[in-house]
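Engineer: this one's sequence-less:
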């Protein structure tokens, strides 16, 4: 099935916002085994919108349109699409009730007449209810073509797609698509592809798609079968083989879990607490850990020791070490990690020191040189990295590798198998 | 001049990456006074690409195409566009030399023959040199239509646009567009628009565009005139009026300066140091400060005191305060800020404590309640906020407001005028 995604909104054409909906919808289509051939963005202009919709319906089987369903006179997506597909607008009593409830709950009484236009739906359309807003989603089917209209705000669009639209699309498909995510840390995209070359080359069903993230690669393995069970059976050996090849580098197979979630989950599992001693990352590692709800069970305090003085005073890094090896050195990282544990009562400490740039680099210690240390069970493991990119990129990569070192250390020291 | 932006790349259609280039190019076009009517994304497929380019050239005066200029056989943007516009490809000696230098510097000798295709340019095209990659940018002009081809990687595209493409477009325009940025913190977008309603309603030249960011609104005021000087003269009274209405809430008029840059600049200006005492933000404020190159002059150390115990031990928050008022209270925030200064030798401390959610909220202290305190010149200023959104959003808003409180405190306490 060929898909075209259309985003409606002048704010996109002005560059006011990034089109994250297009990425989300494209990824969702890929998950469902649909081929997106085009993405188009057009403004709130009747003539241009009509032309864009007409072109899309001529070259795609399914057109998914986001935006332009609001209550103002500018919002004409529904009118244009209904007219083009020859489906007159009629009031939907359920949508009307939803709108009335919505405004009542928000104690709004001064509703402009035009707002009730949101209760009009193309005759015969499938209606997707909107739990986070007023505009319902709609599916219009005619002459073998389908148009799905979705509200533009991501907090309305995402849950509607997840809860209703995916099921609607899958029901109309003659097979089931099932996919499994594997998230890998510590390998670059080309290395991952190289290690999976034979699997990727021979792939037909399941297929393997790689998504490169900062210092991570996400793999989506997708199978197509007559039933979900059959699809899962197809996935099983491939998943097993990938896990075998990458071992512990596969940090999760849960779509919704990220690296800090895993770190906090493992710390909780083994009843551990961690502290942080950060130089070049300046608090970002702690920030990521604290981003996990319930992080307070495993994280009490953290330190940003940016100056040498702070490294000495707070973490007890020795003057001699700083003088002999410098602030960015394996030895300083080691003492920072140990100091973090001694100064708190945490079970582990993750420490980083490095040169994020743009200044401060030398021939011997160039920008991008970072030492990451993890204290655990009376031992310190230090890793040396040479990151590329600007200050922000170096810091970002450092945060990921630090969280991953912590994760690997927990597995190595505590996992019994 | 009507513009269409085309992004080439199967990775966009699969949802592997977000199309930030489209946003950047759209904003750049808006700055230059160009009207973007369409954005289109298409994959590396000759037939579909040809059709998309043909449509774009028929409905726009200027087509800007990003991506598909790489060295592999998949990269066919240049071939398709040159064929469509009837401009044969010829080798450009300067590009050839650039490629040879590029590979020599990287000590690469095993260059596949196909890589030298990058030295081919459509006959008569304007060439934009690429300082960060191998693919040059190109401008093809024919029959009153222009196609600009740009490399896809943002680190190649952005500087090429900034340094060469903007000047190329401006030179071809019959007037000069000049714009000025004003960044405002502390007002919502609708409030800003309300406060500028008369100016926005009567605008023709200059125009005012608003860009909503988290807890910030950026305004771009754009004038069109015969010369840059004349444009600047048109801008002057509008800028002055906006500054008058928003006062110190306008934190910068420099396009490239963000909130933490301003904070660090002000701290340096008044020879001040700052420390941080963070609870719910868990290090993110320190992380933002340290993101500014040279932050070490104003920031030595920071603390993440997530548990009550850490607040007591590190910052000296009293047990009585925590018991009577709780960790999330004006009083605790106040003692955290004071404690931060006493425990370090910093001149100022910014402290935050709040309920980021999703758990931990009560009727009396709901999720989103945050106290931000700033210690400066022996006084503590505490502000209470009620933020909306999920955990991440609450934390993000807290970071911005904390940096802004610090900024306002410096201005209030140190600015002489």
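Structural biologist: That came in fine, so what should we check first? The shown structure was predicted, so the numbers you read here are calculated from the model rather than taken from an experiment.
Engineer: May I have the strands that pair with the helix or strand of chain A with the lowest mean pLDDT, each with its orientation?
Structural biologist: Sorting the helices and strands of chain A by mean pLDDT, DSSP states H and E puts strand A:207-213 at the bottom, at a mean of 84. Using DSSP bridges, the strands paired with strand A:207-213 are strand A:216-225 (antiparallel).
Engineer: what packs against whatever helix or strand comes next after the strand it pairs with?
Structural biologist: Downstream of strand A:216-225, the first helix or strand assigned by DSSP states H and E is helix A:228-246. With contacts taken as 3 or more CB pairs under 8 Å, 6 or more residues apart in numbering or on different chains; DSSP states H and E, helix A:228-246 sits against strand A:176-185, helix A:189-195, helix A:197-201, strand A:216-225. From N, CA and C alone the C-beta is placed, and that goes for glycine too.
Engineer: Please spell out which residues along helix A:228-246 are buried.
Structural biologist: A:231, A:234-235, A:238-239, A:242, A:246 (16 or more other CB atoms under 10 Å in any protein chain shown).
Engineer: Give me the secondary structure label for the residue with the largest distance to the centre of chain A.
Structural biologist: Residue farthest from the centre of chain A, counting by CA atoms, centre = their mean, is residue A:320 at 44.0 Å. Under the three-state scheme (DSSP: H, G, I helix; E, B strand; the rest coil), residue A:320 adopts helix.
Engineer: Give the buried residues for stretch A:216-229.
Structural biologist: So, applying 16+ other CB under 10 Å, buried residues of stretch A:216-229: A:216-225.
Engineer: nope, stretch A:328-344 is what I was after
Structural biologist: By neighbour count on 16+ other CB under 10 Å, the buried set for stretch A:328-344 is A:328-329, A:331-341, A:343-344.
Engineer: ok now it, how far from the chain's centre?
Structural biologist: From the chain centre to the centre of stretch A:328-344 is a distance of 32 Å (CA atoms, centre = their mean, to the nearest Å).
Engineer: what do you get for stretch A:223-235?
Structural biologist: The gap between where stretch A:223-235 is centred and where its chain is centred comes out at 25 Å by CA atoms, centre = their mean.
Engineer: Look through chain A and tell me its longest helix.
Structural biologist: Longest helix in chain A by number of residues, with DSSP state H as the criterion: helix A:391-414.
Engineer: Could you check what's spatially nearest to the residue of the stretch 101-250 of chain A found nearest chain B, not counting adjacent residues?
Structural biologist: Per CB to the nearest CB, residue A:211 is where the stretch 101-250 of chain A lies closest to chain B, at 5.0 Å. In this structure, residue A:211 finds its nearest non-sequential neighbour in residue A:218, 4.2 Å apart by CB to CB, 6 or more residues apart in numbering or on different chains.
Engineer: so what's that neighbour up against?
Structural biologist: A:181-184, A:210-211 (CB atoms under 8 Å, 6 or more residues apart in numbering or on different chains).
Engineer: just residue A:29 next, same as before
Structural biologist: The contact partners of residue A:29, taken as CB under 8 Å, 6+ apart, are A:3, A:5, A:35-36, A:64, B:15.
Engineer: List just the nearest of the residues you listed to residue A:204.
Structural biologist: Here the nearest of the contacts of residue A:29 to residue A:204, counting by CB to CB, is residue A:35; it sits at 15.0 Å.
Engineer: who's in contact with the closest one?
Structural biologist: Residues counted as contacts of residue A:35 (CB under 8 Å, 6+ apart) are A:1-3, A:29.
Engineer: tell me the least confident of those?
Structural biologist: Lowest pLDDT among the contacts of residue A:35: residue A:1, with 86.
Engineer: and it, how many neighbours does it have?
Structural biologist: Neighbour count of residue A:1, defined by other CB atoms under 10 Å in any protein chain shown: 15.
Engineer: Same question for residue A:381.
Structural biologist: Counted with other CB under 10 Å, residue A:381 comes out at 17.
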